[in-house]
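Visitor: just a sequence and a predicted model for now, questions to come.
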Amino acid sequence: MHHKMKEIGADFLLLLVAIAWGSTFFIVQDAVEQTPVYTFLFWRFFIAALLMSLIAYQQWRYFNKAVLLAGSVLGVFMFLGYAFQTFGLKYTYSSTVGFITGLNVIVVPFASYLIFKHKASLYSILGAITASVGLYYLTLNSEIGFSLGEFYAFVCAIMFALHIVFTDHLSKKHNIYLLVAIQFFTVSVCSSIGGWVMEGSIVPVKIDELLINAIIITVIFATIFAFWVQTAMQRFTTAAKTAIIFTIEPVSAGVFGYFFAGEVLSMTQLAGAALILGGMLVAEVGSYIALWIFKAKHSY
């Protein structure tokens, strides 16, 4: 039972991570309108890396080649996820990119099985399917075609899925503080290269209150808090469940957008949000209910 309580606690904290990402979504959107994406990513992850290194300063004695490699692998997956998402946004609607990125919820159980032979529970798979139907109704207000944008968004979904699957595996083997710090450094190095190549610079065009606030908020909540909790908590739950919980991100983005950015939610979108919550509940509670029925059957 103790193990189950740990898992529920871990899942709850992962839920907070998804909410943190969703709540910072419109802040990032505003900032990226005036600051090129790679420049923004560079400063966000570079500052996060410095702060994380300070937070982890006593942990550096555990630094070795293995943790450097592990953190770099996670950092590369995360960076490629953001990079392909950005390319996707250039060629298609943000709602389409949001939907396809969210499909990593279906990719995760397969990737987890193919790479690490982890079987997902039936409830996780049911939950993933329910959540992706919910994502469809929540995010898609345009026709989905198959353009370069959709392709990039799908690559992005695979990268984020691999990030979740590898975090699941590596967080159990390495010092999580170092894993997170090295990951942030890796993303910032890749972003600086992306910035120089794609944007010609990593110096923000305009340094104003909007940019500074966006950086502070994303560094603290959407980066340090979110990735540290993800890395620490994935040790106690499954990759498939983590992915399902993360589908709450667009729900939270919608709610925050509604309350703080004056965005409107349609009935269809609300139904989609309800399905995502349903998918999460199926994955979370399904196994308990089955166990309870099983026990009830066998107790006579």
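Guide: Right, received. Where do you want to start?

Visitor: how close does residue 229 sit to residue 165?
Guide: Applying CB to CB, to the nearest Å, the value for residue 229 to residue 165 is 18 Å. The way it works is simple: take the backbone N, C-alpha and C, and place the C-beta from them, glycine included.

Visitor: which of those two has more residues huddled nearby?
Guide: The residue with more neighbours, out of residue 229 and residue 165, is residue 165; 28 against 18, by other CB atoms under 10 Å.

Visitor: quick one: contacts for the more buried one?
Guide: 108, 111-112, 115-116, 239 (CB atoms under 8 Å, 6 or more residues apart in numbering).

Visitor: give me the buried subset of these.
Guide: Neighbour-count burial (16 or more other CB atoms under 10 Å) applied to these gives 108, 111-112, 239.

Visitor: ok, residue 205 touching residue 34?
Guide: Yes. Using CB atoms under 8 Å as the test, residue 205 is close enough to residue 34 to be in contact (6.4 Å).

Visitor: which SS class is the nearest residue to residue 31 once chain neighbours are set aside?
Guide: Using CB to CB, 6 or more residues apart in numbering and skipping residues adjacent in sequence, the residue nearest residue 31 is residue 214, 3.6 Å away. Secondary structure assignment for residue 214 (DSSP: H, G, I helix; E, B strand; the rest coil): helix.

Visitor: contacting residues around residue 214?
Guide: So residue 214 contacts 27-28, 30-31, 40 (CB under 8 Å, 6+ apart).

Visitor: burial of residue 268, as a residue count?
Guide: Quick note: residue 268 (other CB under 10 Å) scores 13 neighbours.

Visitor: so it is in contact with residue 137, correct?
Guide: Yes. Counting by CB under 8 Å, residue 137 is a contact partner of residue 268 at 5.2 Å.

Visitor: could I get the phi/psi values of residue 201?
Guide: With angles defined as degrees, to the nearest 10, residue 201 sits at phi -170, psi 160.

Visitor: ok, now residue 206?
Guide: Backbone geometry at residue 206, expressed as degrees, to the nearest 10, gives phi -140, psi 120.

Visitor: that one reaches residue 31, doesn't it?
Guide: No. Using CB under 8 Å, residue 206 makes no contact with residue 31, being 10.4 Å away.

Visitor: which one of the buried ones among the contacts of residue 165 is nearest residue 148?
Guide: residue 111 (23.3 Å; CB to CB).

Visitor: nearest residue to that closest one in space, please, no chain neighbours.
Guide: residue 165 (4.8 Å).

Visitor: just to revisit the earlier point, who's more crowded, residue 206 and residue 31?
Guide: For residue 206 versus residue 31, neighbours defined as other CB under 10 Å are more numerous around residue 31 (23 against 8).

Visitor: secondary structure element holding the more buried one?
Guide: helix 2-34 (DSSP states H and E).

Visitor: what's the next secondary structure element after that helix?
Guide: Following helix 2-34 in sequence, per DSSP H and E, is helix 37-55.

Visitor: about what we covered before: now the angle between helix 37-55 and the helix holding residue 31, please.
Guide: For helix 2-34 against helix 37-55, the angle by axes from the mean of the first three to the mean of the last three CA atoms, to 10 degrees is 140 degrees.

Visitor: helices and strands around helix 2-34, which ones?
Guide: On a contact count with 3 or more CB pairs under 8 Å, 6 or more residues apart in numbering; DSSP states H and E, helix 2-34 meets helix 37-55, helix 209-217, helix 226-233, helix 239-246, helix 248-260, helix 267-298.

Visitor: how distant is it from the center of its chain?
Guide: Helix 2-34 sits 8 Å away from the centroid of its parent chain (CA atoms, centre = their mean, to the nearest Å).

Visitor: so how far is residue 114 from the residue nearest to residue 111?
Guide: Counting by CB to CB, the gap from residue 165 to residue 114 is 9 Å.

Visitor: tally of neighbours for residue 84?
Guide: For residue 84, using other CB under 10 Å, the count is 22.

Visitor: shouldn't it be in contact with residue 155?
Guide: Yes. Using CB under 8 Å, residue 84 makes contact with residue 155 at a distance of 4.5 Å.

Visitor: need the contact list for the residue nearest to the spatial centre of the chain.
Guide: Of all residues in the chain, the one closest to the mean position by CA atoms, centre = their mean is residue 246, 6.0 Å from it. Residues in contact with residue 246 (CB under 8 Å, 6+ apart) are 14, 17-18, 21, 104-105, 164.
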